[in-house]
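> With the input below, show me the fold.
(chains A and B)
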2 protein chains.
Amino acid sequence: MLTRQTDRLPAIREAHEGTVAGDRNALARLLTLIEEDPASASPIVWTGSGAAHIIGITGPAGAGKSTLTGALITSLRADGGRVAVLAVDPSSSFSGGAILGDRLRMSNHVLDPDVFIRSTATRGSRGGLAASVPLAIKALDSAGFSHVLIETVGVGQSEIDIARFADTIVVVLAPGWGDGVQAIKAGLLEIADIFVMNKADLPNRAQAVAELKGLYVGVNNHADVPVIETTATTEDGVSDLRDALMDHRSLLLEHGGELLKSRRDQTAAEHVRFALRVELERRREGIMASGVFDRAIEKVADGRCDPWTTALGLIEA
Amino acid sequence: MLTRQTDRLPAIREAHEGTVAGDRNALARLLTLIEEDPASASPIVWTGSGAAHIIGITGPAGAGKSTLTGALITSLRADGGRVAVLAVDPSSSFSGGAILGDRLRMSNHVLDPDVFIRSTATRGSRGGLAASVPLAIKALDSAGFSHVLIETVGVGQSEIDIARFADTIVVVLAPGWGDGVQAIKAGLLEIADIFVMNKADLPNRAQAVAELKGLYVGVNNHADVPVIETTATTEDGVSDLRDALMDHRSLLLEHGGELLKSRRDQTAAEHVRFALRVELERRREGIMASGVFDRAIEKVADGRCDPWTTALGLIEA
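Below you'll find the model as predicted:
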């Protein structure tokens, strides 16, 4: 349960100052404080520099996103970039915990002082809102990284929403992943700025790329979203992805950064929508944790009251 | 957008009376009224008979749920059952509409007066809440069907929540569907009262059944959930599924219906939680549709206010 405590403000301010000054321990502390209390952190963290290139990396489980992210870090570092990664793991409704095995694939970067990796499990059993993610992106931006990579599994609306906080959205697929209807249902095709067909060493790769092109042209009504073929395990094609990211960044910065401004305006709206959702979800959880709720549902089970009248009564009270 | 209008009450009452009297046109009208205004319909519809066996049928896209549901209708009808089907289709965030092609597979029952089939697209772009589904189940129960089948694609939390309104939950899988981690992430394993391994004519069927048994024993800590093998297209194994459903129903009715009572009590709580979620979502959509929201996000985009403070202000106002 998230709680708001004004006595956390000095700690948040101190951690933020340390973060801006380049202190990694302060950044780690700040991210924890954001997870605990996004509402208090928001006014302090919102003053990010806006200088980082925010890159969302999403796609179905098993497409090789983590391996690709690891390879992309290597490529960006070779160009002198400073890279932060926020890896968002959906929780199972059963375990309540995250499946973090994939993170190990990024482990060869943990000793690099110019690479920062943070894993965040989605909170809450319903809808998997990762309440801290949008502000964590801002915090990583404040810390002076040139690239902030947000890796999410594109399994549901929440994960797709997280990708919307990015300047550039990379959708990673692999040959043999699902059929067209599933891709459309997941809503993955319409958000991509760049497609990656990973595992390009598989025999059915060409067919998968052709199928993807057919699908996204149908969905997006335009054909200019690049499809990069990579084999993340051997780093083949990863420099092409890096180039495509730079191209998209250049496009965003054309004409005095007109497109980037429009994108960031949309992101600001997305930040507010997200905070609204989290805060209303908090209220819902608060209602359900109360003794009044338990007594109310007894009346519904007994047939003394109906569910909707009960729900409206609980919201008013 | 859902709206509540007290002038709808006479129409809802009339449609409900017709429904209880066995008028199918009245039932169809009642379901539409529930979709338009669940809050007004709730007090009237909640007085269902409780006599029907409510069966949830869920599983990943492509497992053959619709074909299986069609075959199950045939089997239940042969025993003299009267069967209602509520098919819930998730909407793509792109199309906003439902992908209803699968429904055609049930079309050979549309002329049978003792079979009633209704398709409902999930409403709202976020989270796909099918606001009307829980009360529609009650309405179908009131209409005197012996079996109410609710078919949902088990792709997200909302669909899994819908399955919770059932007395008996059937999880349909097919050989080659995903890997174990995906099944766990989807939360499908822990809700099953009965597993169906459909497409049992596929060569890798035995391995898929063994893998499933290994997985669900790990998740549920017990091994007594039956796994029925079916080939829905040829109706092979469908009578085994019907028997397993009757066995589960008998189990629920043992000792004076102790288990059924406990299950329905849980369902009542689920109805209230669901109504709470829908009503808070309505409020969120109301906020976002307002001019105040547009002006507030401009301030956030300009850096004059932060997203969380803005969201809290919008909720209070």
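> Run through the strands of chain A in chain order.
Per DSSP state E, chain A carries strands over the ranges A:53-59, A:83-89, A:115-121, A:147-153, A:168-173, A:194-197, A:227-229.
> where does the stretch 151-300 of chain A have low pLDDT?
A:154-159, A:177-186, A:217-223 (pLDDT under 70).
> Show me the one of the strands of chain A that comes nearest chain B.
strand A:147-153 (8.0 Å; C-beta to the nearest C-beta). No exception for glycine: its C-beta is placed from N, CA and C like everyone else's.
> ranges for the helices of chain A?
In chain A, the helices defined using DSSP state H lie at A:9-20, A:24-36, A:38-45, A:65-78, A:133-142, A:157-163, A:180-186, A:205-220, A:238-288, A:291-301, A:307-316.
> Would you mind giving those helices as a markdown table with mean neighbour count and distance to residue A:112 added?
Output for those, formatted as a markdown table (neighbours: other C-beta atoms under 10 Å in any protein chain shown; distance: least, C-beta to C-beta, whole Å):
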| stretch | mean neighbour count | distance to residue A:112 |
| --- | --- | --- |
| helix A:9-20 | 18 | 18 |
| helix A:24-36 | 20 | 11 |
| helix A:38-45 | 24 | 25 |
| helix A:65-78 | 22 | 7 |
| helix A:133-142 | 25 | 15 |
| helix A:157-163 | 24 | 25 |
| helix A:180-186 | 20 | 33 |
| helix A:205-220 | 16 | 31 |
| helix A:238-288 | 18 | 17 |
| helix A:291-301 | 16 | 49 |
| helix A:307-316 | 20 | 50 |
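> wait, isn't residue A:227 in contact with residue A:212?
Yes - judged on C-beta atoms under 8 Å, residue A:227 makes contact with residue A:212 at a distance of 6.4 Å.
> Name the residues contacting each of the two.
Any residue near both residue A:227 and residue A:212 by C-beta atoms under 8 Å, 6 or more residues apart in numbering or on different chains counts here, and that gives A:195, A:197.
> any chance of the strands of chain A in a markdown table, plus mean neighbour count?
Shown next, in a markdown table, are these (neighbours: other C-beta atoms under 10 Å in any protein chain shown):
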| stretch | mean neighbour count |
| --- | --- |
| strand A:53-59 | 26 |
| strand A:83-89 | 25 |
| strand A:115-121 | 19 |
| strand A:147-153 | 26 |
| strand A:168-173 | 26 |
| strand A:194-197 | 25 |
| strand A:227-229 | 20 |
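> any chance of those strands in JSON lines, plus distance to chain B?
Converted to JSON lines, the strands of chain A look like this (distance: least, C-beta to the nearest C-beta, whole Å):
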{"stretch": "strand A:53-59", "distance to chain B": "13"}
{"stretch": "strand A:83-89", "distance to chain B": "9"}
{"stretch": "strand A:115-121", "distance to chain B": "12"}
{"stretch": "strand A:147-153", "distance to chain B": "8"}
{"stretch": "strand A:168-173", "distance to chain B": "13"}
{"stretch": "strand A:194-197", "distance to chain B": "16"}
{"stretch": "strand A:227-229", "distance to chain B": "19"}
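> Please name whichever of the ones you listed is nearest to residue B:143.
Checking these against residue B:143 by C-beta to C-beta gives strand A:147-153 as the closest, at 41.0 Å.
> Adjacent strands (with direction) for that closest one?
Sheet pairing of strand A:147-153 (DSSP bridges) gives strand A:53-59 (parallel), strand A:83-89 (parallel).
> Compare those and say which comes out lowest on pLDDT.
Note on these: strand A:83-89 shows the lowest mean pLDDT, a mean of 87.
> Off-centre distance for it?
Distance of strand A:83-89 from the chain centroid (C-alpha atoms, centre = their mean, to the nearest Å) equals 8 Å.
> That strand vs helix A:24-36, what angle?
Here strand A:83-89 runs at an angle of 30 degrees relative to helix A:24-36 (axes from the mean of the first three to the mean of the last three C-alpha atoms, to 10 degrees).
> and the closest residue to residue A:16 other than its chain neighbours, what does it touch?
Closest residue to residue A:16 apart from its sequence neighbours, by C-beta to C-beta, 6 or more residues apart in numbering or on different chains: residue A:44 at 5.1 Å. Residue A:44 sits next to A:9, A:12, A:13, A:16 when contact means C-beta under 8 Å, 6+ apart.
> Residue B:205: which of the helices of chain A is closest?
Proximity to residue B:205 (C-beta to C-beta) singles out helix A:180-186 among the helices of chain A, at 21.8 Å.
> wait, residue A:202 sits on residue A:175?
Yes - between residue A:202 and residue A:175 there is a contact under C-beta under 8 Å: 4.5 Å.
> so what sits against both of the two?
Both residue A:202 and residue A:175 are in contact with residue A:208, where contact means C-beta under 8 Å, 6+ apart.
> Could you tell me the phi and psi values at residue A:198?
Here is the backbone geometry of residue A:198 (degrees, to the nearest 10): phi -80, psi 170.
> List the contacts of it.
Taking C-beta under 8 Å, 6+ apart as the test, what residue A:198 contacts is A:63, A:64, A:65, A:67, A:68, A:172, A:173, A:174, A:230, A:231, A:232.
> Between residue A:202 and residue A:175, tell me which one has more neighbours.
More crowded of residue A:202 and residue A:175, by other C-beta atoms under 10 Å in any protein chain shown: residue A:175, with 20 against 14.
> Distance check, the closest residue in space to the more buried one that isn't next to it in sequence against residue A:241.
Closest residue in space to residue A:175, ignoring its immediate chain neighbours: residue A:208 at 3.8 Å, by C-beta to C-beta, 6+ apart. Between residue A:208 and residue A:241 the computed distance is 17 Å (C-beta to C-beta, to the nearest Å).
> got the phi/psi numbers for residue A:237?
Backbone torsions of residue A:237, given as degrees, to the nearest 10, read phi 80, psi -10.
> I misspoke; the intended subject was residue A:60.
phi -70, psi 160.
> Model confidence at it, what's the number?
If you check residue A:60, the pLDDT there is 79.
> before we move on, what about residue A:7?
As predicted, residue A:7 sits at a pLDDT of 83.
> What's the local residue count around it?
Count around residue A:7 with other C-beta under 10 Å applied: 7.
> contacting residues around it?
Contacts for residue A:7 were tallied using C-beta under 8 Å, 6+ apart; there are none.
> hang on, the earlier thing: and the strands paired with strand A:147-153 as JSON lines, adding distance to residue B:196?
Listed next are these as JSON lines, based on distance: least, C-beta to C-beta, whole Å:
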{"stretch": "strand A:53-59", "distance to residue B:196": "29"}
{"stretch": "strand A:83-89", "distance to residue B:196": "30"}
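> you'd agree residue A:33 is up against residue A:10?
No - if you go by C-beta under 8 Å, residue A:33 and residue A:10 don't touch, sitting 10.8 Å apart.
> my read: residue A:315 touches residue B:278, true?
No - assessed by C-beta under 8 Å, residue A:315 is found out of contact with residue B:278, at 10.9 Å.
> Disregarding residues adjacent in the polypeptide, which is nearest to residue A:27?
Spatially, and ignoring its direct neighbours in sequence, residue A:27 is nearest to residue A:19 (4.5 Å; C-beta to C-beta, 6+ apart).
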